[in-house]
Every structure is written in structure tokens, then in C-alpha cells.
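A.B. asks: below: sequence and its predicted model.
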Amino acid sequence: MMIHKTAIISPNAQLADNVEVGPNCVIDEGAKIGEGTSVQVGAYITGDTTIGKDCKIFPYAIIGIGPQDLKFAGEPTSVVIGDNNTIREFVTIHKGTAGGGGVTRIGNNNLLMAYSHVAHDCQLGNSLALANASSLAGHIDVESHSVIGGLAGIHQFVQIGRYSIVGGCSGVDRDILPFSQAAGNRARLFGLNLTGLRRAGFPPDKIGMLKEIYHLLFKANLKREEALEQISKEFGEHEEARHIVEFIRRSKRGLCSP
């Protein structure tokens, strides 16, 4: 391990052999850090926090601190972060609460840009980008391959669907449909995330199907349940269609619309 002499590390923290820890970092008891991860100047890792392999923790990030939830009473909860994540300067990631499942979880290959915030009990997938100063309130699910623009604020219990994009400075108080794009305060949909889908390699026929699903949901003058039944009937053999239906059915906040 390459540990700077000014770093403060609990003897009960668990660091893999080739972890790097920079000047003035603090790593408390309960922290577990995987191989190849670097923790840079002044970062603070506390609580029952597990960080995977090959992550880059930039200066002054704070991970595992108690949540900003008045119901939190000091119960044992945790943060679990996967592999190959980049967590930039001054990012804050708070541990979970008993009422929210007890775990704030972040998957693999994610980019959390400077000053972004992940609150208690959030569940983040893989290959996400949270731009500068975007803020996730508690209990938010962000599915894989999504992008959240800078200064966007996401309301608690909202779902952000896979391969979606939320524009900068947006205020999001309802669920963002998978494969779509949304922006504004309050946010509304602006169609499919066509650029993101093409860059991700979605073939034209798949994109065409998603356009038809979008039409059934928002332009066909159908009630929501009628639209879901029609989607299941016409496109139920496609995983993407099934996922959209399940996503809408489990919504707690309601669906963001055009």
C-alpha cells in the first residue's frame, strides 16, 4: 500500500494491498476498500462502507456519513460501491436508513462529477453519469446507462429509467421513462433519447418499437392501463417493452409526461 504519512486510518479498516491513500485522508473503522482503488487528498470514508476495485476517489469526497434524514436514529446502515467508479471532488454519498432498506448502493463504471450528491437509500446502476452538482434525494432508483445533467435536483422516491437523460438544472418530481429525455422545472418529457440510444448501438427496428410504445403511452389518447395492456399485447416478447411496463407499474411518484 502507498499511504501518505498524514493519512489517518483506523487499524480496523480493511484496505487491499495496493490501495493508495493520499495526504490528510481519514478512513474510519468499518471501511473496506478493494484492490487498485486510490483515495486522494482530504477524502473522508466512514461507517460501514465497502468500495470495490479500481475506483478513483478524488479530493475531499465524503462517503458513508450519516444521512440528512430526521428519522435516522443512528441505526447500523451502510454504503456499498462497486468497481471502476470515479468519484470526483466534494462528492457526498450518505449511508442508508432502516426505513429505506439500510443500504445506499452504487454499481460499477459510474462517473459522479464534482459536488454531486447521493442521499440515503439511493440505488444506482452501472455506467451512469451524474454531472456537476446534481443532487439525488433519498430513496431514488437510477437505472443503468442514464445521464443526469448538472445542477439537476431529483425528488425522493423518483425512478430514473435506463438509457434516459435528464437535462441540466431540471427539477424532477416524477419518474423518467426508460429510453427518454426530460428537462425543465418541473421536468417534462421531450421524446426518446435518440442520440443516446444510437450511441449505445440500438438498431433501427428496436428504436422504432420504442417510438411506437411512446406513441401508445402519450399520443394515442389511451388511458394509462389501456396503453400498458396494448404494449404488452403488441411488444411483450421484447425485454425493453416488458421493462417499461414493469417500470410504470411500480411507480410511486407517477410518470413524467410530455
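C.D. replies: Received the coordinates, thanks.
A.B. asks: show me which helix runs longest in this structure.
C.D. replies: helix 204-218 (DSSP state H).
A.B. asks: for that one, list every residue counted as buried.
C.D. replies: Met209, Leu210, Ile213, Tyr214, Leu216, Leu217, Phe218 (16 or more other CB atoms under 10 Å). All C-beta spots, glycine's among them, are computed from the backbone N, C-alpha and C.
A.B. asks: and which of these is nearest Arg242?
C.D. replies: Ile213 (10.9 Å; CB to CB).
A.B. asks: got a list of what that closest one touches?
C.D. replies: Counting by CB atoms under 8 Å, 6 or more residues apart in numbering, Ile213 makes contact with Ile231, Phe235, Ala241, Ile244.
A.B. asks: before we move on, what about Lys211?
C.D. replies: With CB under 8 Å, 6+ apart, Lys211 has these contacts: Leu192.
A.B. asks: over to the one 5 residues further on?
C.D. replies: Neighbour list for Leu216: Leu222, Ala227, Gln230, Ile231 [criterion: CB under 8 Å, 6+ apart].
A.B. asks: and which of these is nearest Val172?
C.D. replies: So of the contacts of Leu216, ranked by how close each gets to Val172 (CB to CB), first place is Ala227, at 21.9 Å.
A.B. asks: pretty sure the closest one sits in a strand.
C.D. replies: No. Counting by DSSP: H, G, I helix; E, B strand; the rest coil, one finds Ala227 to be helix, located in no strand.
A.B. asks: what's the spacing between it and Asn12?
C.D. replies: 54 Å (CB to CB, to the nearest Å).
A.B. asks: now swap in Gly22 and tell me
C.D. replies: 21 Å.
A.B. asks: ok, these two, which is more surrounded?
C.D. replies: Gly22 (19 against 9; other CB atoms under 10 Å).
A.B. asks: tell me where the stretch 1-150 of the chain has helices.
C.D. replies: Using DSSP state H, counting those that start in this stretch, no helices are found in the stretch 1-150 of the chain.
A.B. asks: tabulate the buried residues of helix 204-218 (JSON lines), appending distance to Gly184 and pLDDT.
C.D. replies: Converted to JSON lines, these look like this (distance: CB to CB, whole Å; pLDDT from 0 to 100):
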{"residue": "Met209", "distance to Gly184": "27", "pLDDT": "98"}
{"residue": "Leu210", "distance to Gly184": "21", "pLDDT": "98"}
{"residue": "Ile213", "distance to Gly184": "22", "pLDDT": "98"}
{"residue": "Tyr214", "distance to Gly184": "18", "pLDDT": "98"}
{"residue": "Leu216", "distance to Gly184": "23", "pLDDT": "98"}
{"residue": "Leu217", "distance to Gly184": "19", "pLDDT": "98"}
{"residue": "Phe218", "distance to Gly184": "16", "pLDDT": "97"}
